[in-house]
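>>> Provided below for reference: sequence and predicted model.
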Amino acid sequence: MLLVSLRYILSGGLMLGGVIAARIPLPSGAELRRTAFNGLLVLGIGNGALVYAETWIPSGLAALVLSLSPFWLLGLNATLPPREHVRPATWLGLLAGLAGAALLVGPGAFEGGLHGSMLKGFLILQLGMLGWNLGSLFQRRMSARAHPIVAGAVQQLAAGVACAPLALLAGGRIHWSARGVGALAYLVIFGSIVGYSAYVLAMDRLPVALVSLYNYINPVVAVFLGWLLFREAFGLRETIAMLIIFLGVAIVRRLERH
């Protein structure tokens, strides 16, 4: 929780400092309260659950479980009013993406074997996906005057502040290191300021089904960077998995354009 809190207090604070310096309008009143609440759902519960679950399960398995997130997003979008119908072929595209993600990260996800903690991690991740996708849809459907990136900055600061009491109550010893601080800085800049800003902007401007596909692209980027930077294995299985993922993405993208 300290990681979650520090990450979003820093990223949200830096972004809002820039917004204020540039004299860009901030949300206020009911819009501010709702935006902050959505940030608590998306980042406090959504990302917090992921961080917590990874104390029990490896990151590869967490990435595999998170490939179910598009089904949460589209299912909630089709259930909550105003309901948006999902075409059967869109579900087919998502299933193709899920199959590709499973082929890509699945073999390495269970290297440590199955154990009881995996069930706890799986359930925590389901709670996280519910919070992330509910908050995303609430923000998308909200009537707002603030720019989506400004709203994303408010969400980050709100989530960081909300997680601070949990970080303090958890106690324990914190071991600071140059590598750990570097990882935190990377998350603040690329994961939050760049990555989350891109997500909230896409969620505001693009069809929901298309945005949901980022869960399938993330493993592709991770495997590619692993091969490029660390010369990790990249063979026939990885190539086939990526082609299947791209097929699923192409199906959904083609449908959402018409």
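Done, it's in.

>>> Alpha carbons only: can I get whichever strand or helix holds P165 in PDB?
Under the criterion of DSSP states H and E, P165 resides in helix 148-170. Once non-C-alpha atoms are left out, helix 148-170 reads as follows in PDB (Å, rounded to 0.1, in the frame of the first residue of the first chain):
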ATOM      1  CA  PRO A 148      -9.900  13.700 -19.300                       C
ATOM      2  CA  ILE A 149      -6.200  14.000 -18.500                       C
ATOM      3  CA  VAL A 150      -6.900  16.600 -15.700                       C
ATOM      4  CA  ALA A 151      -9.600  14.200 -14.400                       C
ATOM      5  CA  GLY A 152      -7.000  11.400 -14.400                       C
ATOM      6  CA  ALA A 153      -4.600  13.500 -12.400                       C
ATOM      7  CA  VAL A 154      -7.300  14.100  -9.800                       C
ATOM      8  CA  GLN A 155      -8.000  10.400  -9.700                       C
ATOM      9  CA  GLN A 156      -4.300   9.600  -9.100                       C
ATOM     10  CA  LEU A 157      -3.900  12.000  -6.200                       C
ATOM     11  CA  ALA A 158      -7.200  10.900  -4.700                       C
ATOM     12  CA  ALA A 159      -6.200   7.200  -4.800                       C
ATOM     13  CA  GLY A 160      -2.800   8.000  -3.300                       C
ATOM     14  CA  VAL A 161      -4.200  10.000  -0.400                       C
ATOM     15  CA  ALA A 162      -6.900   7.300   0.200                       C
ATOM     16  CA  CYS A 163      -4.300   4.500   0.400                       C
ATOM     17  CA  ALA A 164      -2.000   6.500   2.700                       C
ATOM     18  CA  PRO A 165      -3.800   5.400   6.000                       C
ATOM     19  CA  LEU A 166      -3.600   1.800   4.900                       C
ATOM     20  CA  ALA A 167       0.100   2.200   4.200                       C
ATOM     21  CA  LEU A 168       0.600   3.600   7.700                       C
ATOM     22  CA  LEU A 169      -1.600   1.000   9.400                       C
ATOM     23  CA  ALA A 170       0.200  -1.900   7.700                       C
END
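
>>> And it, what's buried?
For helix 148-170, burial by neighbour count (16 or more other CB atoms under 10 Å) applies to 148-164, 167. The way it works is simple: take the backbone N, C-alpha and C, and place the C-beta from them, glycine included.

>>> Need the distance between the two termini of stretch 130-150.
One end of stretch 130-150 to the other measures 23 Å (CA to CA, to the nearest Å).

>>> Could you check how far it is from the centre of its chain?
Averaging C-alpha positions (CA atoms, centre = their mean, to the nearest Å) puts stretch 130-150 14 Å from its chain's average.
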